[in-house]
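Colleague: Give me a model of this one.
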Amino acid sequence: MKRQLTLGQTLTALILSVVVLQAIVTMALFLTVFNPGMQARAFDVIERGAAATAEAFVNRWRFDMQIAASSVDDQQALREQLAAAMRSRSEMEGVAVFLVREEAATKKRGALRRPDDIIGDASRSDFVAILPKELGRMQASEQAVYTQLIDLFMSVPLAQMGQWKKDGMLGTANIIQGDLVLAGVPVLLEERLLGYLVYAESVKEYQDYQSRFALSMVITFVVSLIVVAILVFFIGTSAARPMTRITQTAARIADGDLTHFGQLESGLTEMFVLSKSIQDLGRAFHEQVTTVQSLTATVSGVSLETVKVMANLSVSASEQAAAVAETAATVEEMEKTGKSVSLAAGRIVEAAEKSSEGSARGRSAVDTASEIMVRIKADSQNIFQKSKGLLSSVEEIGNIINSVNAIAEQSKILAVNASIEAAKAGEYGVGFAVVAQEVKELAGQSKEATEQITYTLTTIRQAIEGMVETAENGEARTLEGVTAVSNAGAIVNDLSEAIMEASAVANEINSSVNQQSLGLSQIASAVEQINISAMENQSISQRIEDSTRQMANAISELQMLVDIWITTPANEAEDARVAPPSLASLGEDAPRNDKA
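Modeller: Below you'll find the model as predicted:
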């Protein structure tokens, strides 16, 4: 009875050891076989998140360097680069459209044309393959030029934007100012957000891994319990049958029935085989415990490395949270600056509108002055023509007076001759002498009158010549005035156009600034969300680090337990070893029946 109790205790200890050993082996195998793959994937995602964050800082530095390298002196070179990039991109897009159309046409005809007919000597498939790369390179070049033009555009005064509009550059400038003036901040935030999302993905994957690990451990433990229960049932049944048979046989032999020695030998042999199996199970258990010790050492190293990595990740999460908080403050400051710029742009728009109204009134006044100068010019030309006509009339009158004066002189001479002839006639010529005297007096009066008229005509002529000269000078001055008014009108028109363009630019800038203010508000909201996510990630990283430390401590305790099992004396199984029975020994030790 004492040997049977010791055997039951041994079986119970072995069964419990198998249960614990099964759980240890399952956890160790899971940690060493499945855990490295999951951890490798999680750490790979975390490393990619850190790399994306580092790349974001590098891109931010590169963006600052590009902005610092640009200057107003590079304007022409940047224009040429931008124009070349646009032409190349347009050409590449044209070729792409051409190829698509050609492909559609050839498919419709049912036969492809020769590649030489499409793109020359190059293979069509090769060209189509490199086309996206070339387009990407052109877009990258164009983006680089846009990036360099940001600082240039922001430093150009409004007066020069009118010339830019004439040169076809204002649209480009608006694109730059509207879409790329804050390019560095969205790129930085987008890439940082990518880094945080990747980091959050890695944290989530690690949490999922822990959940799967816990579920696997529970399932493994339950399955182990079921398997052990089945083993206990079968082992107990197998051990109980020979023990019961031996007990019954021993009782019959004690009663004097010696016909059951064969059954007793069979039961003892079966017990010996069972004891041998238990010894083999003990040796296998010892080997498994040794294996578990090695596995727990490996798992302990992995756990310590995991603790270090999670500690580093926790520090990185704290640094990233601080960086996000700093970025949020910067974006908030930029949002305030954007609002100030928006107010200034609004005042610029109001001033431009007032200047536009003043230029409109000035242009109207210049138009009126131009019309008046045109009328003055016409009147001056009319006066000049009439003065020239009067001068011609005066000259004709002078000619007539000269003729009258000549006639008076001739009449005077004729009167003198008539007086001489009358004197010769004597008494008969007295009447003729009187007439001759009257004619002489009339001729003298006519001469005096013609001289007076000549003097008057000379005065009139001088006055008319002065009027003609004045009219000529007035016409010249009028022409100069018309030219000056025309130039003033052109200047006012140019000024009005420049003011209108400046007003349009100011409106566009105001609109762009408003859009940027809205964008900054959205960015600020996004940064706030990122900040919250970063803080949550920091908290999650801390919890993961704590969980990892707890798991490492549990594994250390498990290793200590395994070490204790290893140090258990291995000869306990040898002490329980049962020698195979023999009939001789049974015959000597069996009680004798007096009736025999």
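
Colleague: helix or strand for Ser216, which one?
Modeller: Using DSSP states H and E, Ser216 falls within helix 184-254.

Colleague: Val435 contacts Glu421, correct?
Modeller: No: assessed by CB atoms under 8 Å, Val435 is found out of contact with Glu421, at 11.4 Å. Quick note: C-beta positions are derived from backbone N, CA and C, even for glycine.

Colleague: burial measure for Ala418, as a count.
Modeller: By other CB atoms under 10 Å, the residues close to Ala418 number 19.

Colleague: Quick check: closest non-adjacent residue to it.
Modeller: Closest residue to Ala418 apart from its sequence neighbours, by CB to CB, 6 or more residues apart in numbering: Ala436 at 3.4 Å.

Colleague: quick one: which helix or strand includes that neighbour?
Modeller: Under the assignment here (DSSP H and E), Ala436 is part of helix 430-566.

Colleague: could you measure Thr454 against Val468, distance?
Modeller: Distance of Thr454 to Val468, given as CB to CB, to the nearest Å: 20 Å.

Colleague: do Ala360 as well
Modeller: 42 Å.

Colleague: Just want to know which of the two has more residues nearby.
Modeller: Counted by other CB under 10 Å, Ala360 and Val468 do not tie: Val468 has more neighbours, with 18 against 14.

Colleague: from what I can see the more buried one touches Gly389, true?
Modeller: No: counting by CB under 8 Å, Val468 sits too far from Gly389 to count as a contact (10.3 Å).

Colleague: what is the mean pLDDT for the host helix or strand of Val374?
Modeller: Taking DSSP H and E as the criterion, Val374 maps to helix 261-425. Across helix 261-425, the average pLDDT comes to 67.

Colleague: Begin at 9, not 1, for the rest of this chat.
Modeller: With the count now opening at 9, the last piece we talked about shows up as helix 269-433.

Colleague: Just to check, Ala426 is in contact with Ala441?
Modeller: Yes: applying CB under 8 Å as the test, Ala426 and Ala441 come out as touching, 7.3 Å apart.

Colleague: Find residues that contact each of the two.
Modeller: Overlap of the contact sets of Ala426 and Ala441 (by CB atoms under 8 Å, 6 or more residues apart in numbering) is empty.

Colleague: picking that back up, just give me the neighbour total for the residue nearest to Ala426.
Modeller: Around Ala444 there are 21 residues (other CB under 10 Å).

Colleague: Next up, the contacts around it.
Modeller: Neighbouring residues of Ala444 by CB under 8 Å, 6+ apart: 422-424, 426-427, 430.

Colleague: got it, and Asn413?
Modeller: Applying CB under 8 Å, 6+ apart, the residues near Asn413 are 454-455, 458-459, 462.

Colleague: How about Val230?
Modeller: With CB under 8 Å, 6+ apart, Val230 has no contacts at all.
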